[in-house]
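1. Model the structure of this input:
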Amino acid sequence: MAQAGIASRRACEKLIEEGRVTVNGKKATLGQSADATKDRILVNGNPLTPEEKKYFILHKPRGYVTTVTEKHGMNTVMDLIKSPVRVYPVGRLDIDSEGLILLTNDGDLANKLTHPRYHAPKEYHVTLDRQLSATALDRLREGIRIEGRTVNVDIQSAHGNTILLRIHEGRKHIVKRIFLQLGYTVTRLIRTAIGPLRLGNLAKGKSRELSSKEVEELRKTGPRPPKAF
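-> Numbering: from 1, shown residues only. Predicted coordinates:
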């Protein structure tokens, strides 16, 4: 129901609790499974029509928050997207960070890409306040411990104060926190890839719809393999 644009998940649960949703002529219950393509689902007596699934990639500029609504007058990534159906950002980037944002109304794919078991690798181009030392680079390769858990960092390249890296983490401010542990401040952060999806030459502030091939590749994202010792 939420994916069909009826209301938020909580509001949809309330509709079910109030007995205003039926599946094949019977009142629906919380936790019940139903398929809108096979079952007859009515909400307040009206048939549920699933929204067409849409997938967009956006090059987020600085100064935009990654939320659907904003109460403090700030710009949101939704201001940059034109979609015939409601879509939602998958994951977040800080207001001062840039780069790839995926937006979709496909809840199953969004959950898969953000679930701890499936975290797709994310690639970031990082600029620091000063040159990264050889010692700090070695510590990065060994992994950085954040809140009792080691973050494994895959260094793609490192030149002076710029580093291209991949991580499987999705915790808040995780890249900035990694370098803070090493005594550095991130002055610019650009996410360049999520799993097989790459930012490429998409202009800042612009978006495009994903191809069916790109969507299929995202769906193939699987659990992260265990680290070899």
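
2. In this structure, where is pLDDT below threshold?
-> Using pLDDT under 70 as the threshold, the predicted model of the chain has low-confidence ranges 1-8, 116, 222-229.

3. what about the closest residue to Ile163 other than its chain neighbours, which helix or strand?
-> Nearest-residue entry for Ile163: Val126, 4.7 Å, with adjacent residues in sequence omitted and distances by CB to CB, 6 or more residues apart in numbering. For glycine as for every other residue, the C-beta is placed from the backbone atoms N, C-alpha and C. Using DSSP states H and E, the secondary-structure element containing Val126 is strand 122-128.

4. Run me through the strand neighbours of that strand, direction for each.
-> Sheet pairing here is set by DSSP bridges, and for strand 122-128 it gives strand 162-167 (antiparallel), strand 186-194 (antiparallel).

5. closest to Gly99 out of those?
-> Proximity to Gly99 (CB to CB) singles out strand 186-194 among those, at 3.4 Å.

6. now what about the helix or strand following that closest one, what contacts it?
-> The C-terminal neighbour of strand 186-194 among helices and strands, as given by DSSP H and E, is strand 197-198. By CB atoms under 8 Å, 6 or more residues apart in numbering, the list of residues contacting strand 197-198 from outside reads Ile57, Leu100, Leu102, Glu123, Thr192, Leu210, Glu214, Glu217, Leu218.

7. buried stuff in the next helix-or-strand element following strand 197-198?
-> Counting by DSSP H and E, the next helix or strand C-terminal to strand 197-198 is strand 207-209. Buried residues in strand 207-209, counted by 16 or more other CB atoms under 10 Å: Ser207.

8. just checking, what packs against strand 207-209?
-> Counting contacts by 3 or more CB pairs under 8 Å, 6 or more residues apart in numbering; DSSP states H and E, the secondary-structure elements packed against strand 207-209 are strand 55-60.

9. So which elements touch the strand it packs on?
-> Packed on strand 55-60, when contacts are counted by 3+ CB pairs under 8 Å, 6+ apart, are strand 98-104, strand 207-209, helix 212-219.
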